[in-house]
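# After the sequence you'll find the predicted model.
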Amino acid sequence: MQNGSFYTIKNKNKLQATITNYGARWVNMMIPQKDKSSVNIILGFDAVDSYKKPSAIYYGAVIGRYANRIAEGKFKINETAYQLDVNNGNNHLHGGTNGFHAVVWEVMEINDNSILLKYQSKDGEEGYPGNVEVTVSYTLTDDNVMRIEFIAVTDKPTVINLTAHPYFNLNGAGSGTILNHSLTVNADNYTPVNETLIPTGEIKTVNHSALDFRTFKKIGEKIKNNDMQLKYGKGYDHNFVLNKSSDVLSHAAILIGDISSIQMKIFTTEPGLQLYTGNFMDGSNIIAEGNNDDCRTAVCLETQHFPDSPNQPHFPKTMLLPEDEYRSTTVFQFDLL
Ligand code: BGC
C-alpha cells in the first residue's frame, strides 16, 4: 500500500492548507499577513516518516475510532465485553497504537479548495467491534473557514468519537510558547479527571477555578496554579462541557495569537472540547529551522465527545448502530485582528 502523499488546497484569499492521507492529517495552514507574507499556524512535517516518531504520531491527525481515553480499554455493548489496545498507561488513548492516525486513507476527491478521504476500519481492529467506513472532508472556503466533516457507518453496534488533532501556534509553528495566546471557551462546566486522566464522572463548574475561560484569559495565566487537576494533566489536558442544548453547529472557543494577531474561532456540532496545552511535547522534533517542538509551543483544541463515555452512562452517547449514521462537523474560522 502506498505510504502517503501530500495535497494542497487553497481559497481566493491565499489561505492555503496541506493535508496528507497518512492519518488524514492537517499538515499546515498558511495565513497571509498584512505585509503579504504568510504564517503557518500548524505544527507539521513534509515527510510521512516524520509522523512516525512516537512524539509526533498525533500531530494534525484524524483520531479514531475513539479520540481521548477509555479506562483500561474496556467497555460493554449490551452484555458483550470488549478489550481495546492499551497504549497509555493502563488506558486506551486515541484509537490505539494503529488507530486512524497511523493508517493510509484513500483519496476519494480532490478539488482546488477541498479534499475527501476514506478509511475502512475492519471488525476487531484495535479491539473495536464492527466494520466501520469513515470519511473526512477538509474544505477551505472563501470566507476563510476550514470546515472538517466526518461521516461514519458501521455493520455492528460499536463506539465512535472522532476528532481532528492539529497542534496550533497562532504566532507561527516553531515560534515559541503558546502561554501568551488568549483563549476563551464557551463552557460553564468541565469533566474533572483522576491521576490517569480518566473522568471521575462529575460535571463540575469552572467557577473559581483555573479552568474558567468564560472570558478571555492568557493560556499561561493560571497554568501553574496549585490545583490537583493541573497537576494530573501537567497543565491543561481537560474536556470542557460546551454550553449547548442540541448538536447544532455552535460556538466553542476563540484563540488569539499574541504576536501575530491571528484569531481562530471554533464552531462545532460536538458536545465537548479538549484543551491540551502541549504538556508532553519534548522538543524532539524539528518544526522550523532552528526551532524544536518544546513543551507548550502548541495548543490543541479538540472538539469531541467526552473521554470514557462508553463507561459513563450519563455522558452524551458515543454508540453507533448499523441503522444510524455518525456525523460531526467542526469549523475553524480565521481572521486578522
Ligand atoms: C490528550 C493528551 C495527549 C495528547 C497527545 C491529547 O488529546 O488529551 O493527553 O498527550 O493528545 O497528542
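Happy to help now that I have it. Quick caveat, the model's predicted, so the values are computed rather than measured.

# Would you mind naming the residues that bridge with the residue in the stretch 201-337 of the chain that the ligand sits nearest to?
In the stretch 201-337 of the chain, the residue that lies nearest the ligand is Tyr276 (4.2 Å; C-beta to the nearest ligand atom). (C-beta placed from N, C-alpha, C; glycine too.) Counting by DSSP bridges, Tyr276 forms beta bridges with Asp237, Cys300.

# doesn't Asp237 make contact with it?
Yes. If you go by C-beta atoms under 8 Å, Tyr276 and Asp237 touch, sitting 5.1 Å apart.

# Tell me how many other residues crowd the residue of the chain found nearest the ligand.
In the chain, the residue that lies nearest the ligand is Tyr58 (3.7 Å; C-beta to the nearest ligand atom). Applying other C-beta atoms under 10 Å, we find 25 residues neighbouring Tyr58.

# Ok, Leu116 next?
Neighbours around Leu116, by other C-beta under 10 Å: 18.

# For it, which three-state class applies?
Using DSSP: H, G, I helix; E, B strand; the rest coil, the structure places Leu116 in strand.

# For it, give the beta-bridge partners.
Beta-bridge partners, per DSSP bridges, of Leu116: Glu109, Ser137.

# just use 215 as the starting number from now, easier for me
Got it, the first residue is 215 from now on, which makes the last one we talked about Leu330.

# For the stretch 215-364 of the chain, which residues are neighbours of the ligand?
272, 282 (C-beta under 6 Å from any ligand atom).

# In the stretch 215-364 of the chain, where is pLDDT below threshold?
By pLDDT under 70, the low-scoring segments of the stretch 215-364 of the chain are 215-216.

# can you map out the strands along it?
Using DSSP state E, counting those that start in this stretch, the strands of the stretch 215-364 of the chain run over 220-224, 230-234, 239-246, 252-254, 276-277, 283-284, 288-291, 294-297, 306-307, 320-324, 328-335, 346-355, 359-368.

# Of all the ones you listed, which one comes closest to Lys418?
Among these, strand 283-284 comes nearest to Lys418, with 17.7 Å by C-beta to C-beta.

# Packing partners of the closest one?
strand 306-307 (3 or more C-beta pairs under 8 Å, 6 or more residues apart in numbering; DSSP states H and E).
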